[in-house]
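**Student:** Fold the following and give me the result.
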Amino acid sequence: MGKPLARYGTNAKAYMIMATAVVLGLSGSLVIAHADWLALTLADSQEGAPYAIVGWTLLVAGMVAMAWGVWGMGAFFELRRKGVRYSKGRLVTELRWKDIEDIQVHKNVVVHRGSRHVSWEVYIYGYENSIYLSSGFLQLVPSVTELLNMLKSVSGIDVVLPETLY
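**Tutor:** Predicted coordinates for the structure are as follows:
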């Protein structure tokens, strides 16, 4: 496949998510363990159940974040001199530039109450195989626009990038 020109992976953001999960889990555990003391100190009350509920919520959020971080680890997309390579664990898919029929980029923009969320999906179709870069993978990549511009410039294929709405 030739020399790697660029490599986009998910590990850096996955580690940050897992570090956040550890902080959430430890915070939740501390709040659960000291719920009665917190109620007495902060609210001058004998009822620690609301603080315990907050603690359990933090603990569950930490477990969900840890699962998301572990799920997102180990995925890499490489732009190489003679093609592209996508690997997730032991599954590796390679496509040479001459074997690629089409590259499609989809952009979804959702605006809700003034908050704007953008998600991307990339489909690289080959004659025998294809590579799908999901929105979950692309959320964990450091820069989606850099990846798309590099793919467009290196591939020699007419990649139509969606217009920016905002």
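**Student:** Would you mind measuring from residue 111 to residue 91?
**Tutor:** Relative to residue 91, residue 111 is positioned 35 Å away (CB to CB, to the nearest Å). Using the backbone N, CA and C atoms, a C-beta is placed for each residue, glycine as well.
**Student:** okay, these two: which has more neighbours?
**Tutor:** Ranked by neighbour count (other CB atoms under 10 Å), residue 111 and residue 91 place residue 111 first, with 11 against 8.
**Student:** Show me where the chain has its strands.
**Tutor:** According to DSSP state E, the chain carries its strands in the segments 4-9, 75-80, 83-88, 91-96, 100-112, 115-126, 130-133.
**Student:** what stretches of this protein score poorly on pLDDT?
**Tutor:** 164-166 (pLDDT under 70).
**Student:** Skip the chain neighbours and tell me the closest residue to the spatially most central residue of it.
**Tutor:** Nearest to the mean C-alpha position of the chain, counting by CA atoms, centre = their mean, stands residue 140 at 2.8 Å. Beyond its immediate neighbours in the sequence, the residue positioned closest to residue 140 (CB to CB, 6 or more residues apart in numbering) is residue 10, lying 3.7 Å away.
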